[in-house]
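**Q** Curious how this folds, go ahead:
(2 chains)
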Amino acid sequence: MEDKRILELYKAGEHDQAFNLLVRQSSQPLYWHIRKIVLDHDDANDLLQNTYIKAWGALDTFREDSKLYTWLFRIATNEVLNFLRKKKIINFLSFGDETQNIENKLASDLTFSGDKAVIALHKAIASLPPRQKVIFSMRYFDEKKYDEIAEILEITEGAAKASYHHAHNKIASLLKEELDFGD
Amino acid sequence: MVENNHNYRQNHFTVPQGYFDTLEQNLRDAVLGKENNEPAVVRILKPALSLTFTFAFIIFMGYGFFKITEKFHNNAIPQEEISVFSQELDFMRPSQIEFIDLEELNSYRIENSAEEVYEFLTQDGYIPFALYNSIASIEQ
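**A** Below you'll find the predicted structure:
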């Protein structure tokens, strides 16, 4: 991403141009990063919008010690984590079954084309704690490297690796139970 | 296997038609629109105004609480009435009050209205008027 150019335009007061460049280069990867975790399009769209509102409001404070792209991913990931934690609490208070909700939601979602096996995978992912869910998604679907994941989440590479393997084993075991196959 | 399952790894999600065509514009409206619509004066004064409103809110809540508790105290039996009530009870003791079975009075009081209690107590002509008033005010 053209970090230097974006920041120069921003500092020169060319906010429209800086914003256009920023959004053009990052909005789609960010959208898919969010969508693959929260699954619902409307939720993903809201979180993407919140990400840009927060990022734009804090661009003055961007220290340039990481790439703008990584910084945006970090903001988006924090938005997603807060969203997942809030959803978990709401589910707990309303005695809702999150995995069952996901199955119903995906089965009726016109923008989702996965079969029963893929729905079972997302149900298994839903049982993970928020941070593990995010790490699993970044590694498994986006094929991000551990050092990238660690930088975005501000954790060590070892912690990212351990978290992914823990999540992977849990998902494999849940899928084995549900579909009678797995690792 | 989870790790090598191509079906699992594939992106099975799509977006509503035309979503990405309008995404940039929508984000621009949401972010820059918000920024441009907010006058500079508001942007500068926003933190100070927030603080002022917070203090005003706390003071208002404190005042409201004070008023409510004041009202509660005003609705209680007036001090002079309590005083009269005590005097009347004192006046009744020990010669007169001993004729009243307090346990019976209490159960009667629970099951009946103030008027009925009054009838019950005045049948022997012992009840002072202030006591009736006090019972009636408690009933209300």
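**Q** Give the burial count for the residue in chain B that chain A sits nearest to, as a bare number.
**A** Using C-beta to the nearest C-beta, B:His12 is the residue of chain B that sits closest to chain A, at 3.6 Å. Placement of C-beta: from N, CA and C, glycine included. Using other C-beta atoms under 10 Å in any protein chain shown, B:His12 is surrounded by 19 other residues.
**Q** again, but for B:Val2
**A** B:Val2: 20 neighbours (other C-beta under 10 Å).
**Q** Could I get the full set of helices for chain A?
**A** Here chain A has its helices, by DSSP state H, at A:3-11, A:15-38, A:41-57, A:68-93, A:98-108, A:116-126, A:130-140, A:146-153, A:157-179.
**Q** Worst mean pLDDT among those?
**A** Lowest mean pLDDT within these: helix A:98-108, a mean of 85.
**Q** Quickly check: that helix near chain B or not.
**A** No - using C-beta under 8 Å from any C-beta of the partner chain, helix A:98-108 stays clear of chain B, with a minimum separation of 8.8 Å.
**Q** That helix vs helix A:68-93, what angle?
**A** Angle of helix A:98-108 versus helix A:68-93, following axes from the mean of the first three to the mean of the last three C-alpha atoms, to 10 degrees, is 110 degrees.
**Q** what's in contact with helix A:98-108?
**A** Residues from elsewhere that reach helix A:98-108 (C-beta atoms under 8 Å, 6 or more residues apart in numbering or on different chains): A:Leu39, A:Asp40, A:Lys87, A:Lys88, A:Asn91, A:Phe112, A:Gly114, A:Ile119, A:His122, A:Lys123, A:Ala126, A:Ser127.
**Q** Direction-wise, compare that helix with helix A:157-179 and give the angle.
**A** 70 degrees.
**Q** Stretch A:45-62 and chain B, are they touching?
**A** Yes - looking at stretch A:45-62 against chain B by C-beta under 8 Å from any C-beta, the contacts come from A:Asn45, A:Leu48, A:Gln49, A:Tyr52, A:Ile53, A:Trp56.
**Q** pLDDT at B:Glu88, what is it?
**A** 57.
**Q** Over to B:Glu3?
**A** For B:Glu3, pLDDT reads 75.
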